[in-house]
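# Show me the folded form of this:
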Amino acid sequence: MPQKKLFAALSLLSLLSIPAFAIPVTVNEHVIIAPQCLIKNSHGDYTLLASQPGFALITVNSSGIEQLIEAKHQAEHGNPCGGFVDVTHAWQSTHFTAKNASQFLQNYLQPAKSLMQNKASYSIRYPQQVKQIFDTLNPQAMWNNLTTLTNFNDRYANSDNGVRAANWLQTQVATMAKDFHRDDVTVYTVATGSYYKQPSVVVKFGNSSEPGVVIGGHMDTLSSTFSKKPGADDDGSGTVTVLETARAILSSNMHFKRPIYFIWYAAEEEGLVGSGHVVTDFKKKNIPVHAVMQLDMTGYAYKNQPDIWLIKDYVNKDLTGYLEQLINTYVKQPVKYTQCGYACSDHASWTQGGFVSAMPSESAFENSNHSIHTSQDTMEKLSLTHMTDYVKLAVAFAIELAEPVV
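The predicted structure is shown next:
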């Protein structure tokens, strides 16, 4: 099979759409879209199916996935090359020829380009309700929840611990709904295909059929085969930020024009697999979505700086600008911009699916937490104050866009 040393030659052939031979994908292979800079920095073998300027569609085995994850992690401390997307599920419904592979890649990349320029208007209208929720925030509860999550040996998407973490989150929200006497909360899971046993957890708050407001983060970590993976920052911090946002809003007596979805994605580390299945599920059920915010790492404050960072690439410009408005109005911390490259987190699945998305970040890309993906991704490196600022942003995002009903 063609390997890495043939990459340049095969890239040229695929760009010219010359090959027409069939390319089957075996049970143990994954079909991946990745930036060519990421593939170049990966040490794993792969087979090239097609390429576009800057991107490639390849197949890899499980070892190849691990190499891509490592290449992504190493790039996080330099230029933002980005991440990768496992598109195996989508690929399996297509014909396996190089010509179709080129078209598949082109179609998959296209939505991101158009949605980043989608125009929308947002405003600040509900300061009283937002501040009412702020008064109920409980940072210590968030810290306690993070302690529970980091006590798992890992939350790997194909481990029993990963399933237990998903079950724990389900139980937390179901208990909240019961304690707060909410009969408008639905909790369900979305399976993560045939490769991973951990499901994504979806919570719908409200019975409205209006386009919903989505706030999510990924709950998984890498495998603990060689060392414990507590994943305090990546993405335990985002997981408990979403959970505290849900708790604060569910504990209020508020109802909203639009439903609010709180989502914990499985298998983000493996190529945005869980969020890809969630978006597919939303589209299959014709669930409309108004706006999406991703919370992936909210606890590491570089040199204790309070800045709130916003991702500026592969996101919707207007929704991102609205996040800045919300921060200036409610969080009152400095706003700065950074970039993280293609498919760096689960918001990319929503963008590819045709929905507008945005993503705040805990730090500048080049100053990100160096301990993630290791046994040293632990709680003492995090700032509870910084995490609380992201809860405030998430609460403001949810209330302003979901629109309280008096």
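# The stretch 51-200 of the chain: strands as residue ranges?
Taking DSSP state E, counting those that start in this stretch, the strands of the stretch 51-200 of the chain run over residues 55-60, 85-86, 185-190, 200-205.
# mean confidence score for the first one?
This predicted structure assigns strand 55-60 an average pLDDT of 97.
# Name the strands paired with it and say parallel or antiparallel.
strand 30-35 (antiparallel), strand 47-52 (antiparallel) (DSSP bridges).
# Tell me which of those is the most buried.
Comparing the strands paired with strand 55-60 by mean neighbour count (mean count of other CB atoms under 10 Å), strand 30-35 comes out on top with a mean of 24. Bear in mind the C-beta positions are built from the backbone N, C-alpha and C, glycine included.
# CA-only coordinates of it, as PDB, when you get a sec.
Taking Å, rounded to 0.1, in the frame of the first residue of the first chain, the C-alpha atoms of strand 30-35 are listed here in PDB:
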ATOM      1  CA  HIS A  30     -10.000   4.800   9.900                       C
ATOM      2  CA  VAL A  31     -10.700   7.300   7.200                       C
ATOM      3  CA  ILE A  32      -9.200  10.700   8.200                       C
ATOM      4  CA  ILE A  33      -9.200  14.300   6.900                       C
ATOM      5  CA  ALA A  34      -6.200  16.100   8.200                       C
ATOM      6  CA  PRO A  35      -4.000  19.200   7.300                       C
END
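# Could you look up the next helix or strand downstream of it?
Using DSSP states H and E, the helix or strand that follows strand 30-35 towards the C-terminus is helix 36-41.
# re earlier: can you list the strands of the stretch 51-200 of the chain in TSV and add distance to Gln333 and mean neighbour count?
Shown next, in TSV, are the strands of the stretch 51-200 of the chain (distance: least, CB to CB, whole Å; neighbours: other CB atoms under 10 Å):
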stretch	distance to Gln333	mean neighbour count
strand 55-60	35	25
strand 85-86	32	24
strand 185-190	31	17
strand 200-205	27	26
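# just so I know, which of those lies nearest His347?
Nearest of those to His347, taken as CB to CB: strand 85-86 at 12.0 Å.
# which secondary element of the chain has the worst mean pLDDT?
The weakest-scoring helix or strand in the chain, judged by mean pLDDT, DSSP states H and E, is helix 7-15 (a mean of 40).
# re earlier: would TSV of the strands paired with strand 55-60 with distance to Cys344 and mean pLDDT be doable?
Output for those, formatted as TSV (distance: least, CB to CB, whole Å; pLDDT from 0 to 100):
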stretch	distance to Cys344	mean pLDDT
strand 30-35	10	96
strand 47-52	19	94
